[in-house]
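Student: quick one: sequence and predicted model below, then my questions.
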Number of protein chains: 2
Amino acid sequence: MTCLVEKEFLNETEYKDVPKKKVDVWRYKPYVCTVKLVNVYTGKKIIILNELEAKEHDMYLGYRTKVKFDSREITALIDVSSEMIKQGEIGIYTEVADELGLKGGEKVELIHMDRPASIQYIRDKLDGKVLSNGAISSIITDLMHNRLGSVELAAWVSAVYMHGLSDQEIVSLTQSIVDSGEKLDLGVKPVCDKHCIGGVAGNRTTMVLVPIIAAAGIHIPKSSSRAITSAAGTADVMELLAPVDLSMEELKRITLRAKGAIIWGGGLNLASADDKLIQIRNPLRLDPEGMLLSSILAKKKAVGATHVVIDIPVGRGSKIEDISKSRSLGEHFIHIGEKGLGMDIEALVTDGSEPVGFGIGVALEARDVLMVLENHNNKIEKGLIFPEDLRHKSCLLAGKLIELCGKAKKDEGYKIAEDLIKSGKALKKLKEIVELQGGDPKISSGDIEIGKYSHTVYATRHGKIHHIDSKTISKLCRLAGAPMDRGAGVYLYKSKGETVRKGDKLFTLYSNSKSKLGFATKALNDLEPIEMRKFILGILD
Amino acid sequence: MTCLVEKEFLNETEYKDVPKKKVDVWRYKPYVCTVKLVNVYTGKKIIILNELEAKEHDMYLGYRTKVKFDSREITALIDVSSEMIKQGEIGIYTEVADELGLKGGEKVELIHMDRPASIQYIRDKLDGKVLSNGAISSIITDLMHNRLGSVELAAWVSAVYMHGLSDQEIVSLTQSIVDSGEKLDLGVKPVCDKHCIGGVAGNRTTMVLVPIIAAAGIHIPKSSSRAITSAAGTADVMELLAPVDLSMEELKRITLRAKGAIIWGGGLNLASADDKLIQIRNPLRLDPEGMLLSSILAKKKAVGATHVVIDIPVGRGSKIEDISKSRSLGEHFIHIGEKGLGMDIEALVTDGSEPVGFGIGVALEARDVLMVLENHNNKIEKGLIFPEDLRHKSCLLAGKLIELCGKAKKDEGYKIAEDLIKSGKALKKLKEIVELQGGDPKISSGDIEIGKYSHTVYATRHGKIHHIDSKTISKLCRLAGAPMDRGAGVYLYKSKGETVRKGDKLFTLYSNSKSKLGFATKALNDLEPIEMRKFILGILD
């Protein structure tokens, strides 16, 4: 290799002290276009420029630009076209039109963007540095103002995956995410919330827990999600009983009145930045622990929660299969709670190795919930089985939450929760919440409509239930049409460890669509939702 | 924290041996739609589905799907719309329409995608593993088939930034990128190529080097790029003399005939994967060294180069300011060349602390190039200055290349190169190439048209030129309209270190647009392209 510069550089000491000049103002020629609406929802803020005209103004496909209309200004991604958009025109997609209040024909101005400061912070994180509160806040702000694209955000998420987040970064990120969206201030204390890490089918404990907590006189404004990859989300199941797409005002009003509510969080604009981050984390299944914590705790803090219980199911088939990982995650939650977020957090590691309850799917889970609250003590009705594990787990979680708030002494919470079910007060509270949310309080488990077509699977030999796989069951439910088809799903007749005789019912698939039921049934050729083991000694009991 | 599972798990040793079942076939209901064309060029393969219908088929905004028409199948990103696309319809953007040969009204089928294998490899790289040839090849293949989005690719680039690439990974990546595009096989040896890391304004050495090498009887099929952020690219400057948007066939024909050619690489589809990777690296200015090497060497290998010289300019204002970094980069290039790519590589670290030549901008650089080849020995014509540094550097690089090929002994290359200019053979060769490419061989430096409007900046005091900033000069040129306005740019009258008297001409701004010239002139209030220092002792010479 030849190096030709050494000698000159020995004399070049002077320039190292010269500060780099930063030029902020680029005087570009004004770029004004007439709006042409493009009625497509893209999930992003995108505009279309005439390709040639854009180049003349130094703008290119994939870059970002500020778009200004009257006093409003947003940042948008640039698309280009030679045919669809003529010189002097600008194509405006739905989100941009909505945000700027455009109807077509108006004149907007395009202004070149400076490179966002966050890019440097993301590079710092790639270099393994711990980011300051200001840096994290800047990243979330630039994200919300659409100044960072999926490339920049993916780089940051990757950096966090590789280098982790310090406790202070987690607190900072949580607070920034909270500040990126709406907040609920009930003006009372304590305020409770609960979260389950997920991965367990049929695990509808929220819908039993919220009535218990509210009946105990503690406020619990529960915002829940719809199903993403599972058979049903809490919001879907509650929606069978009452409207869930309520506003922040209604959430406040109902919670102050009845002490609790169960609504769909997606309409509330809570922790908005997290939705955008999730879109980045999902394709890669990247869930760096610090980000997972911020994501979960931000939503709790945004509703003003002071006491939170986290359910961490562990076991084969659930999200976390390693018990030591689940413990360290739980400890991490509790630890962050003590670090300045203003929340008392308790974590429970629970058995996630099989579904909770017997019904999986929107209606089937709603029925299990109502059976628990209706207090049917182990009576098998119409071929159904009382979901004791759902009752037990809900009382466990609710009990811990009641103790956490200081409304019960240690280990006394379970009984209080249990008694609120037995006395009928929890059911009464659910009906009160349902009515306030606009539903019919006269609902009962017998009224719930299940899918009209069904297919039952029987045991082909004697044996013992070795494993019931939540993921596989959820996939079957989705093939059958869940969650859009509320009656679609699976009803189990057996639990893990149970003995089975040849000919026993194992489970029934339900659907309101004959063809979808057919697809789900065919899939059973490849799927094994229930694994059985023969008896080792060949003895049946 | 409460842990409720320990006891049960002590008995759960058996399940660890159960292999995870992989289900490959999901029997989804067939999803067929009628094509509706959307004439927008997005740079990606995107389709639009009716939002409700898509959900019923378990497809969502941002996911990917296979789109099948007749025997053709591609992977596309999903957009959704409620208004623009009705049930049973599918919106098809330009790139998809072109690839599948759709005109509107046809029926296409949408097929759910399996998760690409590359996702696991990207996660492996995030975990710091060294990827096998197969894994890297898989990533590039999935990238080319549109199965990976910007999120996944950004994660991989970030992982490479953080963990680096082993030598074998670099060779593997280079080869995969080569295989992703077209290749040129001249059927002769040696084949030369050259690359400059960039960051130096006016550095048009390629246009002097190629005629020299070709005149020396060595094949040099030079594919060059257009300006991206600089004032001019080699392809732009050559285009002033002859068409550059030629096909691979024409490149082969002309190179075999004249020994050399200078064309625009963008039309050739060489190393296609690299264009996509650059779109990911750019927003973050991430150039992990391994990827930079693969990116550069892939394009050389794709044209069949056997001998390559790399110019690494270093100094204040250029891309690399640290001399030890430039040396290690150079060593890295040479080292990789020995590792099985079949190329002999030589690297030169050169002075990048000021522009090369005096003209910056398409026409101004073309003029400097022609002045060198026309052999004007230090005669100042019409207020111009002979660009000695351009001549010298070109002979240096060309000389090294000639030695590398074995066509000259060590340190003899420079003189051979110099003599080919002095004898007029290099100029004759350029004219031959220009004519074969379809241009007018009767071109001379006096014919080059510069911008008709100009603004000259004079020194306001005595002093010494301390620094001429390439980046700032390039920005001024772009404000003046370069490179679209070929006559726009800057002509310098001074070099670094020169003494200046009050009233001396420092530089002239050119443009064919009065308003753009005005903008560039106004920008001089904030920009300092030339830094001057007073004399310390106050003595003028």
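Tutor: Thanks, I have the structure now.

Student: residue A:137: how many residues sit nearby?
Tutor: When counting by other Cβ atoms under 10 Å in any protein chain shown, one arrives at 19 neighbours for residue A:137. Using the backbone N, CA and C atoms, a C-beta is placed for each residue, glycine as well.

Student: try residue A:204
Tutor: Counted by other Cβ under 10 Å, the residues lying close to residue A:204 total 29.

Student: where does it sit: helix, strand or coil?
Tutor: What DSSP: H, G, I helix; E, B strand; the rest coil gives for residue A:204 is coil.

Student: which non-adjacent residue is nearest it?
Tutor: Spatially, and ignoring its direct neighbours in sequence, residue A:204 is nearest to residue A:365 (4.6 Å; Cβ to Cβ, 6 or more residues apart in numbering or on different chains).

Student: in contact with the nearest residue to residue A:154 once chain neighbours are set aside, which residues?
Tutor: Leaving out its chain neighbours, the residue that sits closest to residue A:154 by Cβ to Cβ, 6+ apart is residue B:154, at 3.5 Å. Going by Cβ atoms under 8 Å, 6 or more residues apart in numbering or on different chains, residue B:154 touches A:150-152, A:154-155, A:158, B:280, B:284.

Student: now residue B:154. Its backbone dihedrals?
Tutor: Main-chain torsions, residue B:154, degrees, to the nearest 10: phi -60, psi -40.

Student: next: residue A:342.
Tutor: With angles defined as degrees, to the nearest 10, residue A:342 sits at phi 80, psi 20.

Student: what residues are up against it?
Tutor: For residue A:342, the contact set (Cβ under 8 Å, 6+ apart) comprises A:301, A:306.

Student: quick one: pLDDT of it?
Tutor: If you check residue A:342, the pLDDT there is 88.

Student: again, but for residue A:3
Tutor: 68.

Student: packing partners for the longest helix anywhere in chain A?
Tutor: The longest helix of chain A (DSSP state H) is helix A:388-404. Contact partners of helix A:388-404 among helices and strands, from 3 or more Cβ pairs under 8 Å, 6 or more residues apart in numbering or on different chains; DSSP states H and E: strand A:192-196, helix A:206-215, strand A:307-314, strand A:344-351, helix A:362-373, helix A:413-422.

Student: packing partners of the second one?
Tutor: Applying 3+ Cβ pairs under 8 Å, 6+ apart, one finds that helix A:206-215 contacts strand A:192-196, strand A:220-224, helix A:234-239, strand A:260-264, helix A:362-373, helix A:388-404, helix A:413-422, helix A:425-436.

Student: ok, what's across the strand from the residue of the stretch 351-500 of chain A found nearest chain B?
Tutor: Ranking the residues of the stretch 351-500 of chain A by distance to chain B (Cβ to the nearest Cβ) places residue A:351 first, at 4.9 Å. With beta bridges defined as DSSP bridges, residue A:351 has these partners: residue A:314.

Student: hmm, back to that, residue A:227: which of the helices and strands packed on helix A:388-404 is closest?
Tutor: Among these, helix A:362-373 comes nearest to residue A:227, with 8.2 Å by Cβ to Cβ.

Student: re earlier: make JSON lines out of the helices and strands packed on helix A:206-215 and add mean pLDDT and mean neighbour count.
Tutor: Formatted as JSON lines, these follow (pLDDT from 0 to 100; neighbours: other Cβ atoms under 10 Å in any protein chain shown):
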{"stretch": "strand A:192-196", "mean pLDDT": "96", "mean neighbour count": "26"}
{"stretch": "strand A:220-224", "mean pLDDT": "96", "mean neighbour count": "26"}
{"stretch": "helix A:234-239", "mean pLDDT": "97", "mean neighbour count": "26"}
{"stretch": "strand A:260-264", "mean pLDDT": "96", "mean neighbour count": "26"}
{"stretch": "helix A:362-373", "mean pLDDT": "96", "mean neighbour count": "28"}
{"stretch": "helix A:388-404", "mean pLDDT": "96", "mean neighbour count": "24"}
{"stretch": "helix A:413-422", "mean pLDDT": "96", "mean neighbour count": "19"}
{"stretch": "helix A:425-436", "mean pLDDT": "97", "mean neighbour count": "22"}
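
Student: could I get those as CSV with distance to residue B:390?
Tutor: Converted to CSV, the helices and strands packed on helix A:206-215 look like this (distance: least, Cβ to Cβ, whole Å):
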stretch, distance to residue B:390
strand A:192-196, 66
strand A:220-224, 67
helix A:234-239, 68
strand A:260-264, 67
helix A:362-373, 74
helix A:388-404, 76
helix A:413-422, 83
helix A:425-436, 80
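
Student: out of the ones you listed, which comes closest to residue A:289?
Tutor: Closest approach to residue A:289 among these (Cβ to Cβ): strand A:192-196, 14.5 Å.

Student: for that closest one, which strands pair with it and how are they oriented?
Tutor: Assessed with DSSP bridges, strand A:192-196 is paired to strand A:307-314 (parallel).

Student: now the element after the strand it pairs with, going C-ward?
Tutor: Downstream of strand A:307-314, the first helix or strand assigned by DSSP states H and E is helix A:323-337.

Student: does that following helix come close to chain B?
Tutor: Yes: using Cβ under 8 Å from any Cβ of the partner chain, helix A:323-337 reaches chain B at A:323, A:327, A:330-331, A:334.

Student: how far is that helix from where the chain is centred?
Tutor: Here helix A:323-337 is found 19 Å from its chain centre; the criterion is Cα atoms, centre = their mean, to the nearest Å.

Student: who are the packing partners of that helix?
Tutor: Applying 3+ Cβ pairs under 8 Å, 6+ apart, we find helix A:323-337 packed against helix A:167-179, helix A:289-302, strand A:307-314, strand A:344-351, strand B:2-3.

Student: looking at those, which is closest to residue B:249?
Tutor: Using Cβ to Cβ, the nearest of those to residue B:249 is helix A:289-302, at 51.6 Å.

Student: what angle do the closest one and helix A:323-337 make?
Tutor: Using axes from the mean of the first three to the mean of the last three Cα atoms, to 10 degrees, the inter-axis angle of helix A:289-302 relative to helix A:323-337 is 50 degrees.

Student: show me where the stretch 51-200 of chain A has helices.
Tutor: Remark: helices assigned in the stretch 51-200 of chain A by DSSP state H, counting those that start in this stretch are A:51-56, A:94-100, A:118-126, A:133-144, A:150-163, A:167-179.

Student: nearest to residue B:427, of the ones you listed?
Tutor: Comparison of the helices of the stretch 51-200 of chain A against residue B:427 by Cβ to Cβ identifies helix A:51-56 as nearest, at 33.2 Å.

Student: show me what that closest one is packed against.
Tutor: strand A:72-81.

Student: can you mark which positions in stretch A:245-257 are buried?
Tutor: By neighbour count on 16 or more other Cβ atoms under 10 Å in any protein chain shown, the buried set for stretch A:245-257 is A:246, A:248, A:250-252, A:254-255.

Student: count of residues packed around residue A:287?
Tutor: Neighbourhood size, residue A:287 [other Cβ under 10 Å]: 16.

Student: that one belongs to a strand?
Tutor: No: per three-state DSSP, residue A:287 lies outside any strand segment and is coil.

Student: what sits against it?
Tutor: Counting by Cβ under 8 Å, 6+ apart, residue A:287 makes contact with residue A:281.

Student: name the spans of the stretch 401-541 of chain A whose pLDDT lies under the cut-off.
Tutor: By pLDDT under 70, the weakly predicted segments of the stretch 401-541 of chain A are A:535-541.

Student: just the helices in it please.
Tutor: Under the criterion DSSP H, counting those that start in this stretch, helices of the stretch 401-541 of chain A are mapped to A:413-422, A:425-436, A:470-479, A:514-523.

Student: now render these as CSV, adding distance to residue B:113.
Tutor: Shown next, in CSV, are those (distance: least, Cβ to Cβ, whole Å):
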stretch, distance to residue B:113
helix A:413-422, 45
helix A:425-436, 40
helix A:470-479, 16
helix A:514-523, 18
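
Student: can you redo these as JSON lines with distance to chain B?
Tutor: Listed next are those as JSON lines, based on distance: least, Cβ to the nearest Cβ, whole Å:
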{"stretch": "helix A:413-422", "distance to chain B": "11"}
{"stretch": "helix A:425-436", "distance to chain B": "22"}
{"stretch": "helix A:470-479", "distance to chain B": "7"}
{"stretch": "helix A:514-523", "distance to chain B": "5"}
